[in-house]
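[1] What would the 3D arrangement of this be:
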Amino acid sequence: MISVAENLWVHEDSIRLLLVPFGLRMTVARLTGGRLWIHSPTPLSSNLRDELESLGSVAYIAGAANGHNISLRQWHAAYPDARLYVSPGIPRRIDLQDYVLLDDSFLNPWFPELTHQYIAGVPYFDESVFFHAASKSLIVTDFVQDHSGAVPGLLAGAIKRCVLEPLGFRGLCTPPQLKNPARIKDKVAFASSLQRIRAWDFRRIIVAHGKIVEADDNARKLFAALCDSLTT
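    Prediction:
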């Protein structure tokens, strides 16, 4: 576990997309009373469980975007007393019991430590993002990604250069799917969601894929530019 700020950690893992390795990051926030909030859980190992136990008690597990569902059942089984929060599309993909939907009607129990915003208007995507006020960190799942890492060799490198990068998986980016206007079903609601996020006073963007965007990288300006590319 890597400390990002006081009461905020990340755990690094990896996945493969068309044989190309990409980073996969889980975020852990310790809330009042030592309760741990887990965002975008990665596969759970015994070592990871030991690290978490040293930090506090797992109380909340958040699968905040439809594509991040692989490890949710494992975590829910390991921590049956923890509350499970998922994006609206996840229950249609995997069998879950006893969960709360992260949508535009969600009543946030973590405020003011964590502020929540559902990105409306994109039903296939259904992402919620969070603002960790104490560390001024914006926590996202797939809405912001960084694919500027080293190019892998041989076949994986060829796939990255010839397939994924032309699709838009390059540098600091939003998901290429969002650049298709047909995917955004309610443009007014979508733009309004982004505007509320942009108003938050964040200085860091913790992404699930790629390098964390730190304050000296002008996190808010970079986020604003990505939003403008989708709404103008």
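
[2] Show me the residue at the heart of this protein, geometrically.
    Centroid-nearest residue in the chain, with C-alpha atoms, centre = their mean: Thr141, separated by 1.6 Å.

[3] Could you look up the SS state of it?
    When classified by DSSP: H, G, I helix; E, B strand; the rest coil, Thr141 comes out as coil.

[4] pLDDT weak spots in this protein?
    15-21, 149-171 (pLDDT under 70).

[5] try it again with 50
    For the chain, applying pLDDT under 50 flags the ranges 18.

[6] Quick check: Ala225 is in a helix.
    Yes. Counting by three-state DSSP, one finds Ala225 located in a helix.

[7] follow-up on the earlier one: now do the contacts for the residue nearest to the centre of the chain.
    Contact analysis of Thr141 by C-beta atoms under 8 Å, 6 or more residues apart in numbering lists His39, Ser40, Ala64, Ala65, Gly67, His68, Glu127, Val129, Ala208. For glycine as for every other residue, the C-beta is placed from the backbone atoms N, C-alpha and C.

[8] tally of neighbours for the fifth one?
    What that stands for is Gly67. Per other C-beta atoms under 10 Å, the neighbour tally for Gly67 reads 19.

[9] Not counting sequence-adjacent ones, nearest residue to it?
    Asp142 (6.1 Å; C-beta to C-beta, 6 or more residues apart in numbering).

[10] and if you look at the third one?
    Closest residue to Ala64 apart from its sequence neighbours, by C-beta to C-beta, 6+ apart: Ser128 at 4.5 Å.

[11] do you know how far the one you found is from Thr231?
    To Thr231, Ser128 is 19 Å away according to C-beta to C-beta, to the nearest Å.
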